[in-house]
Each structure stands twice: as structure tokens, then as C-alpha cells.
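>>> Have a look at this prediction, sequence included:
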Amino acid sequence: MSVVKHISNRVLVMYLGRMAELASSDELFGNPMHPYTQALLSAVPVPNPRVKRDRTVLQGDLPSPANPPSGCVFHTRCPLARERCQQEVPQWREIRKAHMVACHFAEDAAIST
Ligand code: SF4
């Protein structure tokens, strides 16, 4: 992800073949709104031994793309999943200018970071 940040103008994050989040590189790395993006970024090493980062470790195994979970395909591993996530596919929506995300609760996810 560190390399992606430096070689890209825009970044699309996908999970299980579905679009999760799209934004400019600066916007995505500065304001990740999807819980999967946040988990990915929390795993990026910080080149300073004095800086401690809270890492989000996703639980469970990656589901099969041939038999994806219902609703939001990330709900089986998402730390913010709620009942709605199992039943309803999240809309692909613009949550900030030119910042697209597919999550019912992206606003809540942004607050939790
Ligand atoms: S829609 Fe629900 S399960 Fe999917 S990323 Fe958002 S909070 Fe998590």
C-alpha cells in the first residue's frame, strides 16, 4: 500500500471482486471511509519504532468469490457489520467530493478511525 500511494493518482480498493472504495491517493490514504480500506492501511508498517499504530486484524477466512456472502460481501469479516449488512448490498455512493464508497455505515467508519 505504501508503494501504491506513491505511484498512483487515484486508488480503487476491491474486496472479493467488488469495488469498496475509490478516491485520489491523498484522499484515500488521508480519509479512508471503508472498513476494509482502514484495515489495509492499519497494516502498513510505520518506519519509526517509536510510533505505535493500532492495527485492525480481520477475523475469519476470505470467502470464496464463487459463493460470496449475501448483502455486503465484507460483512463476514467487517468489525462494524450490523444486521442490515447481511441483507442489503451497499450502494456505490459519493461520500465526499470524488470519493466513492460502498458501505452502509461509511460515516460511522470514518468517525471510528
Ligand atoms: S456495509 Fe456493513 S459489512 Fe459492509 S463494510 Fe459497511 S459496515 Fe462493514
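Happy to help now that I have it.
>>> correct me, but Pro79 touches His34?
No. Using CB atoms under 8 Å, Pro79 and His34 do not qualify as a contacting pair, with a distance of 11.8 Å. The way it works is simple: take the backbone N, C-alpha and C, and place the C-beta from them, glycine included.
>>> Which one's more surrounded, the two?
Each of Pro79 and His34 has its neighbours counted (other CB atoms under 10 Å); His34 has more, 29 against 13.
>>> Can you give me every residue that contacts the more buried one?
Applying CB atoms under 8 Å, 6 or more residues apart in numbering, one finds that His34 lies in contact with 13, 20-21, 101-103, 106, 109.
>>> Same question for Gln91.
With CB under 8 Å, 6+ apart as the criterion, the residues that contact Gln91 are Ala102.
>>> cool, Ala39 as well?
56-58, 79.
>>> same thing but 7 Å
Residues in contact with Ala39 (CB atoms under 7 Å, 6 or more residues apart in numbering) are 56, 58.
>>> After the helix or strand encompassing it, which helix or strand is next? Please name it.
In this structure, Ala39 sits in helix 35-42 according to DSSP states H and E. Tracing the chain past helix 35-42, the next element assigned as helix or strand by DSSP H and E is helix 83-87.
>>> any idea how far the ligand is from the residue in the chain sticking out farthest from the centre?
Relative to the average C-alpha location in the chain, and by CA atoms, centre = their mean, no residue lies farther out than Arg50, which sits at 26.1 Å. Note on Arg50: its distance to the ligand, by CB to the nearest ligand atom, to the nearest Å, is 32 Å.
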